[in-house]
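> sequence and predicted model, in that order:
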Amino acid sequence: MHLAKVIGTVWATRKVETLEGAKMQIIQPLDAQEKAIGSPIVAVDTIGAGPGEIVYYVTAREAVIPYRNEMTPIDASIVGIVDHIDVYAKQE
Amino acid sequence: MILARIIGTIWATRKEASLEGAKLQIVRPVELDYQEKSGFLVAVDAVGAGVGEIVLVCQGSSARQTELTTQKPVDATIMAIVDKLDVTEKT
């Protein structure tokens, strides 16, 4: 999994029908210091994270697992909202 | 998923048999302001999007999670046509 910040939402009416009702959030991947890394992506949100919240998300085929219908093309989904991060190792 | 714009279409008569009837579109990833990035992907179109439209593209094995692409050699599927983006936070 990776950390990210919810920065927006995607509205799409014409889509694969099993995505009907799915909330699609724009997320900015973050490092452990909550600094932005890489480009924003779109993830399905079955948890209900709000804008600005720090979340963690799962990618690849596993991203379909939290979703109610397995026959849905999803390669990133938010699986948790972060309360607090403790980093013990020194970051190079 | 990534945001991308459809910039073209691929026509191929000789191809993997199971891809018969699948529409192959060329997509270019875009930024949140729809500014085009470099590079492109070929993706199977599962929603009937047109050239120029901004779409969502799913990649990897998940791309096969549709009736159209299941059991086929597909690793990128266009699964939504974007109406609007609400970007509320700065990255």
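All right, it came through fine.

> can you pull the contacts of B:Ala43?
Listed by C-beta atoms under 8 Å, 6 or more residues apart in numbering or on different chains, the contact partners of B:Ala43 are B:Ala4, B:Leu24, B:Gln25, B:Val27, B:Val57, B:Ala63, B:Ala76, B:Thr77, B:Ile78. (Glycine included, C-beta is placed from N, CA and C.)

> can you give me every residue that contacts the first one?
Looking back up the chat, that one is B:Ala4. Residues in contact with B:Ala4, defined by C-beta under 8 Å, 6+ apart, are B:Val27, B:Arg28, B:Pro29, B:Val30, B:Leu41, B:Ala43, B:Ile54, B:Val55, B:Leu56, B:Val57.

> and with 6 Å instead?
Contact partners of B:Ala4, counting by C-beta atoms under 6 Å, 6 or more residues apart in numbering or on different chains, are B:Val27, B:Arg28, B:Pro29, B:Val30, B:Val55, B:Val57.

> make CSV out of those and add secondary structure and pLDDT.
Putting the contacts of B:Ala4 into CSV (DSSP: H, G, I helix; E, B strand; the rest coil; pLDDT from 0 to 100) gives the following:
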residue, secondary structure, pLDDT
B:Val27, strand, 98
B:Arg28, strand, 98
B:Pro29, strand, 98
B:Val30, strand, 98
B:Val55, strand, 98
B:Val57, strand, 98
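
> about what we covered before: can you put the contacts of B:Ala43 in JSON lines and add secondary structure?
As requested, those are arranged in JSON lines below (DSSP: H, G, I helix; E, B strand; the rest coil):
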{"residue": "B:Ala4", "secondary structure": "strand"}
{"residue": "B:Leu24", "secondary structure": "strand"}
{"residue": "B:Gln25", "secondary structure": "strand"}
{"residue": "B:Val27", "secondary structure": "strand"}
{"residue": "B:Val57", "secondary structure": "strand"}
{"residue": "B:Ala63", "secondary structure": "helix"}
{"residue": "B:Ala76", "secondary structure": "strand"}
{"residue": "B:Thr77", "secondary structure": "strand"}
{"residue": "B:Ile78", "secondary structure": "strand"}
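
> any chance of these in CSV with distance to A:Pro73 as columns?
As requested, these are exported to CSV (distance: C-beta to C-beta, whole Å):
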residue, distance to A:Pro73
B:Ala4, 14
B:Leu24, 16
B:Gln25, 15
B:Val27, 14
B:Val57, 9
B:Ala63, 6
B:Ala76, 10
B:Thr77, 5
B:Ile78, 9
